[in-house]
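J.: need a 3D model of the following:
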Amino acid sequence: MMGDGMRARNRRQWLRDCSLLAGTLAAALGSLPAHAAPKAPAKAEAEGKAGDGGGERGQRTLLVVGDSLSAEYGIARGSGWVALLKQRLSQQKLSWRVVNASVSGDTTAGGRSRLPALLQQHRPALLIIELGGNDALRGLPLASTEDNLQAMVQAAQAAGARVLLVGMQVPPNYGRRYSEDFEQLFVRVAKTSKVTLVPMLLAGIADAPDPVALFQPDRIHPKAEAHPRMLDNVWPALQPLLR
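T.: You can find the predicted model right below:
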């Protein structure tokens with residue numbers, strides 16, 4: 001069994017590998033205005049069967065609003081953790097319709113701007129928020145990221161949805177203080193809003209014995225074989241909310 005020290009070293013190695021490309025990503029993203037977000041698809045993808053506003057009779061809707069980590073970037077369609085979640089819910093005969101409204105490259109500002117329409121369209125009973133990584137890669141102010149996440153949680157709660165917040169860590173090239181503060185902002189949002197937090201979506205992947213083997217060549221996006229572990233990281237926090 002891998003010790004805590006080895007996990008920490010592997011995670012630091014992955015973070016260093018990420019930082020090799022983070023500057024390039026930040027430069028590319030930095031060409032957009034700070035408030036800009038990728039264009040959302042005309043209609044969010046329903047991983048389950050149903051039309052807008054609800055699924056089969058008796059089904060509740062689980063809405064996922066995330067970025068490329070949830071949008072199956074660079075992997076085969078149907079192999080991402082959100083698609084695997086839909087399969088697990090079906091296998092366990094849990095009556096949930098999963099709508100994946102994730103957009104590669106999205107920021108918390110983009111998610112915040114898209115959320116009201118998504119809440120109105122799908123009327124979810126449960127919202128999973130997986131955003132913030134692109135904010136960090138662009139070096140956006142942490143206060144803005146925290147405010148956007150807080151606003152998303154409050155909007156969902158006002159619409160009657162429970163919320164699961166998914167946390168993330170970032171490469172250290174912006175400085176140790178920024179990286180640590182970024183990690184902690186998720187904790188604060190969860191505590192202030194009294195919502196459940198998944199501390200690290202990539203736990204067991206970024207700190208695996210050979211983390212590079214689990215990532216695509218960009219060293220940022222996990223390969224398909226890492227997505228079952230991503231679901232396993234989310235599942236313990238999500239399961240109680242499905243009742």
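J.: by mean pLDDT, which helix or strand of the protein comes out lowest?
T.: strand 50-51 (a mean of 34; mean pLDDT, DSSP states H and E).
J.: what's the longest strand along the chain in contact with?
T.: Ranked by number of residues, the top strand in the chain under DSSP state E is strand 60-66. Outside strand 60-66, the residues within contact range by C-beta atoms under 8 Å, 6 or more residues apart in numbering are 44, 50, 54-55, 70, 82, 85, 89, 95-103, 106, 111, 114-115, 118-119, 122-131, 152, 161, 166, 242. (Each C-beta comes from the backbone N, C-alpha and C, glycine too.)
J.: list the neighbouring strands of that strand plus their orientation.
T.: Strand pairing for strand 60-66, using DSSP bridges, gives strand 96-100 (parallel), strand 126-130 (parallel).
J.: can you list contacts of the last one?
T.: I take that to be strand 126-130. By C-beta under 8 Å, 6+ apart, the residues outside strand 126-130 that reach it are 60-67, 69-70, 96, 102, 111, 119, 149, 152-153, 156, 161-166, 168, 201, 234, 238, 241-242.
J.: low-confidence ranges, this protein, go.
T.: The chain contains residues with pLDDT under 70 at 1-57, 171-174.
J.: the nearest residue to Ala226 once chain neighbours are set aside: what's it in contact with?
T.: Closest residue to Ala226 apart from its sequence neighbours, by C-beta to C-beta, 6 or more residues apart in numbering: Leu214 at 4.4 Å. With contact taken as C-beta under 8 Å, 6+ apart, Leu214 is in contact with 205, 208, 222-223, 225-226.
J.: count the residues that sit near His122.
T.: 24 (other C-beta atoms under 10 Å).
J.: could you tell me how far it is located from Val195?
T.: Between His122 and Val195 the computed distance is 19 Å (C-beta to C-beta, to the nearest Å).
J.: ok, Pro124 next?
T.: Pro124 is 14 Å from Val195, by C-beta to C-beta.
J.: who has more neighbours out of the two?
T.: Counting neighbours by other C-beta under 10 Å for Pro124 and for Val195 shows that Pro124 has the greater number, 27 against 19.
J.: which SSE is that one in?
T.: Pro124 belongs to no helix or strand when assigned by DSSP states H and E.
J.: distance check, it against Ser179.
T.: The spacing between Pro124 and Ser179, counted by C-beta to C-beta, is 31 Å.
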